[in-house]
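1. just need the structure, nothing else, for what follows:
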Amino acid sequence: MVEEKTMSYKCPACGSPLTYDPSGKLTCAACGNEFEVDAVKKFSEENSGECFNWGDYKSGFESENEKLENTRVYVCKSCGAAIETDGTTAATHCPYCDNEVIINEQLTGSIKPNAVIPFSVDKKSAIEAVKNHFKGKKLLPNDFKAEHKLGKIQGVYVPFWLFDSGIDGNINFNAENIHHYSDSKYNYTETKHYLVALDGAMRFEKIPVDGSEKMDNDLMDALEPFDYSGLKGFDPAFLSGFMADRFDEDPDKSLPRASTRMQTSAADVFSGCTSEFQSASVKSSNLKLVDPSVKYVLLPVYLLNLTYKGKNYRFAVNGQTGKVVGELPISKLKSFLHFSSFFAVAAAIGGTIAYFLTR
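-> Reported below is the predicted structural model:
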């Protein structure tokens with residue numbers, strides 16, 4: 001059992017637990033007082049020191065990574081109960097007294113996040129955003145609204161890597177222009193082929209890749225964009241009242257995903273330089289990352305499960321912007337009727353065109 005490795009934020013007025021509110025303050029449900037984050041720091045445990053550094057991580061963090069494989073047991077400072085978590089949990093609730101618990105050892109030293117975007121959307125607004133997401137979906141089953149069940153919504157700080165890097169290199173395109181003309185006897189097609197060689201460099205900043213194995217990558221990617229002007233220096237007070245995980249996918253493993261995004265975006269920029277040609281395709285590409293760096297940040301996400309006809313559907317809400325992503329059930333009958341009507345209209349238009357062409 002691990003002692004003295006958790007922390008909680010207590011109300012300076014009554015000693016009850018404080019939770020971070022998306023309005024930007026720490027609030028006490030017991031006495032109703034509100035406090036600025038900075039004003040409460042002097043009542044909390046010390047949390048100074050270094051933050052995540054990629055170089056330090058590479059040079060000797062293997063022993064810390066081994067902790068991620070094991071279940072950890074901590075002691076709640078409010079009621080003394082044992083709290084069992086996995087190796088990545090950084091903030092949770094005590095199941096016995098509902099005290100907000102921050103696991104300090106997951107947030108200090110070389111694994112302390114560099115920054116955080118605090119929640120600015122509250123749970124009520126997040127639920128309303130999910131409900132609004134259902135509106136206007138023509139292929140939803142008719143009984144969906146009556147039968148679906150929304151599970152408990154949970155605010156989670158998800159670990160993300162934000163990569164900065166230069167891109168340098170060259171791309172070669174096969175391009176062509178086609179010209180049609182005719183004379184009194186023949187129709188001609190003239191095709192001119194070109195080899196377009198482009199060379200250049202550009203810079204990318206804050207390319208996000210989630211650092212949690214338990215989070216669906218496609219779901220997290222779809223939550224973008226986050227407004228990174230909202231990044232704040234990390235303080236554990238922002239985590240109070242929410243769940244939080246530390247990373248379990250390191251930046252070296254995540255870098256290829258970021259690299260692919262940057263190289264794809266760079267190729268799109270290069271491709272825009274071939275607009276004078278009617279068509280262009282990539283013949284070869286030699287783009288390389290230059291001086292990549294990374295920051296470890298926590299980003300706000302609401303997770304919500306929905307059950308419909310025995311199947312679970314998972315949704316995520318961007319805790320900063322309110323954007324909703326997730327899979328919805330589709331009515332097979334509505335889908336059939338929708339596409340049948342589409343093809344019927346297309347066939348009718350085609351028949352009308354054929355009628356006029358044969359007259």
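2. and the pLDDT for Met202?
-> We have a pLDDT of 94 for Met202.
3. roughly how far does it sit from Ile167?
-> Distance of Met202 to Ile167, computed by Cβ to Cβ, to the nearest Å: 5 Å. C-beta here means a position set from N, CA and C on the backbone, and glycine is covered the same way.
4. just Pro251 next, same as before
-> As for Pro251, its distance to Ile167 is 18 Å (criterion: Cβ to Cβ).
5. how about Val269?
-> To Ile167, Val269 is 9 Å away according to Cβ to Cβ.
6. and for the two, which residues touch both?
-> The contact sets of Val269 and Ile167 overlap at Met202 (Cβ atoms under 8 Å, 6 or more residues apart in numbering).
7. rewinding a little: overlap in contacts of Met202 and Ile167?
-> Counting by Cβ under 8 Å, 6+ apart, the residues touching both Met202 and Ile167 are Ala266.
8. between the two, which is the more surrounded one?
-> Ile167 (21 against 15; other Cβ atoms under 10 Å).
9. buried stuff in the helix or strand containing that one?
-> Per DSSP states H and E: Ile167 is located in strand 154-182. Using 16 or more other Cβ atoms under 10 Å as the test for burial, strand 154-182 gives 155-165, 167-169, 171-175.
10. residues touching the residue lying closest to Val317 once chain neighbours are set aside, list them.
-> With sequence-adjacent residues excluded and distances taken as Cβ to Cβ, 6 or more residues apart in numbering, Val317 is closest to Tyr302, at 4.0 Å. Counting by Cβ under 8 Å, 6+ apart, Tyr302 makes contact with 121, 123, 126, 153-156, 316-317, 319.
11. in the stretch 101-250 of the chain, where is pLDDT below threshold?
-> 109, 139, 145-148 (pLDDT under 70).
12. beta-bridge partners for Asn187, please?
-> Ser182 (DSSP bridges).
13. that one reaches His179, doesn't it?
-> No: in this structure, Asn187 is not within contact of His179 by Cβ atoms under 8 Å, at 11.8 Å.
14. now the residue most central in space within the chain: how far from Glu213?
-> Among the residues of the chain, the one closest to the centroid is Met220, at 3.2 Å (Cα atoms, centre = their mean). Using Cβ to Cβ, we find Met220 at a distance of 12 Å from Glu213.
15. now swap in Ser110 and tell me
-> 20 Å.
16. returning to that earlier point: state the distance from the closest residue to the residue nearest to the centre of the chain other than its chain neighbours to Ala258.
-> Closest residue to Met220 apart from its sequence neighbours, by Cβ to Cβ, 6+ apart: Asp210 at 4.2 Å. Plainly put, Asp210 is 11 Å away from Ala258 if you go by Cβ to Cβ.
17. check Tyr302 too.
-> For Tyr302, the distance to Ala258 - Cβ to Cβ - is 25 Å.
18. so where do the helices sit in this protein?
-> 37-40, 54-60, 62-65, 123-134, 144-147, 217-222, 251-271, 332-357 (DSSP state H).
19. residues in contact with the closest residue to Val297 other than its chain neighbours?
-> For Val297, ignoring the flanking residues on the chain, the nearest one in space by Cβ to Cβ, 6+ apart is Ala115 at 4.7 Å. Contacts for Ala115 were tallied using Cβ under 8 Å, 6+ apart; they are 231-234, 295, 297-298.
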